[in-house]
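Colleague: sharing a sequence plus its predicted fold:
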Amino acid sequence: KNQVEQSPQSLIILEGKNCTLQCNYTVSPFSNLRWYKQDTGRGPVSLTIMTFSENTKSNGRYTATLDADTKQSSLHITASQLSDSASYICVVSAVGTGFQKLVFGTGTRLLVSP
Amino acid sequence: EPEVTQTPSHQVTQMGQEVILRCVPISNHLYFYWYRQILGQKVEFLVSFYNNEISEKSEIFDDQFSVERPDGSNFTLKIRSTKLEDSAMYFCASSVQGGRTEAFFGQGTRLTVV
């Protein structure tokens, strides 16, 4: 069964500190992996998309890594800001009839405190 | 910046009633999706839609659900006879292409069935 697992479930860090969120997946056949940021009560917003051949991708203070062999990904946030407080969701796209079928993780709830 | 818009933002309905959730995807996008998120749970794929037909659907998307693109701009999700367990946040998304392209999500419609 296609699954995406994330850790930790929740995390509290001080403003300005770095953090790394983890994602493991068992989605097959794999198409791509995305990290989304979701503020409470809002829709997910894409941060990065990585295909099988990409090991790392950055978007400002966000850097995602992908190890397709071990089926693991991480999202590193540098110099955290209060506005980074949100849920971060790892999403893996499974190839299905050529269309997107996104499998969502349960998310890591990040709280950046002053 | 173009965005996916959803209406209403919140809908309360009585059990057994029909509801229609509306979405206006980004204008040049060709692929459309509905997802739902039960409170406190992960986002789940419902259905993808392309070229005026369903391309893929999940086991959640049973005969009570239907989708339609009635006029070339709106994309609707209909639930024929709502159940209490249909209470969730429903997200519409669209993408230029399928596969590896980014999916843009709307802000969601919170459906409450009483």
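Modeller: That came through, no problem.
Colleague: quick check: buried residues in the strand or helix carrying residue A:58?
Modeller: In this assignment (DSSP states H and E), residue A:58 forms part of strand A:56-59. Using 16 or more other Cβ atoms under 10 Å in any protein chain shown as the test for burial, strand A:56-59 gives residue A:57. From N, CA and C alone the C-beta is placed, and that goes for glycine too.
Colleague: and that strand, what's its mean pLDDT?
Modeller: The pLDDT scores in strand A:56-59 average 96.
Colleague: so who does the closest residue to residue B:4 other than its chain neighbours touch?
Modeller: Distances taken as Cβ to Cβ, 6 or more residues apart in numbering or on different chains place residue B:106 nearest to residue B:4, at 3.8 Å, with adjacent residues excluded. Counting by Cβ atoms under 8 Å, 6 or more residues apart in numbering or on different chains, residue B:106 touches A:43, B:3, B:4, B:5, B:6, B:23, B:91, B:92, B:93.
Colleague: before we move on, which element is the last one in?
Modeller: Applying DSSP H and E as the criterion places residue B:93 in strand B:88-95.
Colleague: against residue A:36, how distant is the closest residue to residue A:8 other than its chain neighbours?
Modeller: Take residue A:8 and drop its neighbours on the chain: the residue closest to it by Cβ to Cβ, 6+ apart is residue A:108, 6.0 Å away. Remark: distance between residue A:108 and residue A:36 (Cβ to Cβ, to the nearest Å) = 11 Å.
Colleague: what bridges to the residue nearest to residue A:8?
Modeller: In this structure, residue A:108 bridges to residue A:88 when assessed by DSSP bridges.
Colleague: give me the phi and psi for the residue nearest to residue B:4.
Modeller: Backbone torsions of residue B:106, given as degrees, to the nearest 10, read phi -80, psi 180.
Colleague: render the CA-only coordinates of stretch A:79-98 in PDB, please.
Modeller: Provided in PDB are the C-alpha atoms of stretch A:79-98 (Å, rounded to 0.1, in the frame of the first residue of the first chain):
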ATOM      1  CA  ALA A  79      17.400  30.500  10.100                       C
ATOM      2  CA  SER A  80      13.800  29.900  11.000                       C
ATOM      3  CA  GLN A  81      11.300  32.700  11.200                       C
ATOM      4  CA  LEU A  82       8.000  33.000  13.100                       C
ATOM      5  CA  SER A  83       6.200  32.800   9.800                       C
ATOM      6  CA  ASP A  84       7.600  29.300   9.300                       C
ATOM      7  CA  SER A  85       5.200  28.000  11.900                       C
ATOM      8  CA  ALA A  86       3.000  25.600  10.000                       C
ATOM      9  CA  SER A  87       2.500  22.000   9.000                       C
ATOM     10  CA  TYR A  88       5.100  20.700   6.500                       C
ATOM     11  CA  ILE A  89       3.800  17.900   4.400                       C
ATOM     12  CA  CYS A  90       5.700  15.400   2.400                       C
ATOM     13  CA  VAL A  91       3.800  14.300  -0.700                       C
ATOM     14  CA  VAL A  92       4.800  11.600  -3.100                       C
ATOM     15  CA  SER A  93       3.300  11.400  -6.600                       C
ATOM     16  CA  ALA A  94       2.500   7.900  -7.800                       C
ATOM     17  CA  VAL A  95       2.300   7.300 -11.500                       C
ATOM     18  CA  GLY A  96      -1.200   6.200 -12.300                       C
ATOM     19  CA  THR A  97      -2.500   6.300 -15.800                       C
ATOM     20  CA  GLY A  98      -0.100   9.200 -16.400                       C
END
